[in-house]
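A.B. asks: kindly return the folded structure for what I paste below:
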Amino acid sequence: DDELAFAQAVRDTRLPVYLGMALHPSAAPLPQVEPVHVPRAPGAPPPEAARDDADPAWTARRLAFPVRLEGHTAPVLAFEPTPGLRFPHHVVPLASALLAEADGVGLVERERDSDGVLRRTRFFATDGLNTYVTLPVALAADLFGATELSLSGRTLRLGSHAFTVNEDGSAELDFRGTLHQRFPLLPVLSVLEASASRRQGQPGGLDPELLRDKVVLVSVLAPGEGDYQLTPFATGTPGVIQQATVLENLLEGRFVTETPFWMSLALALALAQAVLPLLGAQRGEARLIAAAGP
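C.D. replies: Predicted coordinates for the structure are as follows:
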């Protein structure tokens, strides 16, 4: 079984692994739980004592994440093909063997604008019972040593890190280019071959420093496989760019956000005050030219 083999590999290497989870309308809702997140240090053993594969509440506690909201409500996991027609979605749990070994789990759903372009992200969502964070947040939480995510006003906090977001709790992504321009891409096969060569005492084809202390995202990029999305910089871009960009923006502490209304209004008034004298001067010059004409 592929999932059992993957879980065994994670257990043997003790590499920190974070997994994405999908949504589906036919998935059964998990029971409501009170989530508690304890950041796991790299190489730390999984909490086997708390494991109970047959208990749905154990699964819910592994997937849910503590989110504290002040003046906000969590967006609901639902598919809305047309306005007013919503289909509730629930998370699809991973195999219990993987859940026991994974350091964290997060949502990887695409968040497109009405024109189908990926521009923004939300950081969490609820199915009405539990709240779940996105995959980049789940990873960043442990990097920051955070035990919860909080949102108050336009400030999102993850541990000691604070981020300015939009009034609805979302944020625009700072892509700054295409996937190939922004992030180095490596074939998984070349990484596996290099690892096998080093275990046999032979020089690998990759410089170990290339991956040391790096966050590595694994995704299908082959043509015709995986998901391809529209971004402001490219069409047909592998969807992993969303996860990579959100994580990069979190680590850099910077997102693109909407300016407050009062700031936009002040900027418009300042621009108008700067332009009106120029327009008046141009009209005066036009009258002088007309008066001096034949």
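
A.B. asks: could I get the pLDDT score of G236?
C.D. replies: At G236, the pLDDT value in this model is 81.

A.B. asks: if I look at it, how far off is L4?
C.D. replies: Distance from G236 to L4, counting by C-beta to C-beta, to the nearest Å: 34 Å. C-beta coordinates here come from the backbone N, C-alpha and C atoms, glycine included.

A.B. asks: what of A78?
C.D. replies: The value you get for A78 to L4, if C-beta to C-beta is used, is 33 Å.

A.B. asks: same question for F87.
C.D. replies: According to C-beta to C-beta, F87 stands 32 Å off from L4.

A.B. asks: before we move on, back to that, higher neighbour count, A78 and L4?
C.D. replies: Set side by side, A78 and L4 give different neighbour counts by other C-beta atoms under 10 Å, the larger being at A78 (16 against 11).

A.B. asks: which residues does the more buried one form beta bridges with?
C.D. replies: With DSSP bridges as the criterion, the beta-bridge partners of A78 are P88.

A.B. asks: verify the contact between it and F87 for me.
C.D. replies: Yes - A78 is in contact with F87 according to C-beta atoms under 8 Å; the separation is 6.1 Å.

A.B. asks: ok, now which ones touch G20?
C.D. replies: With contact set as C-beta atoms under 8 Å, 6 or more residues apart in numbering, G20 has these partners: V105, G106, L107, V108, L135, Q243.

A.B. asks: the strand or helix carrying it - what's its average pLDDT?
C.D. replies: Using DSSP states H and E, G20 sits in strand 18-21. In this model, strand 18-21 carries a mean pLDDT of 93.

A.B. asks: after it, which helix or strand is next?
C.D. replies: From strand 18-21 onward toward the C-terminus, using DSSP H and E, the following helix or strand is strand 23-24.

A.B. asks: give the other helices and strands that that next one contacts.
C.D. replies: strand 90-91 (3 or more C-beta pairs under 8 Å, 6 or more residues apart in numbering; DSSP states H and E).

A.B. asks: surely P66 touches L149?
C.D. replies: Yes - contact status for P66 versus L149: in contact at 7.1 Å, counting by C-beta under 8 Å.
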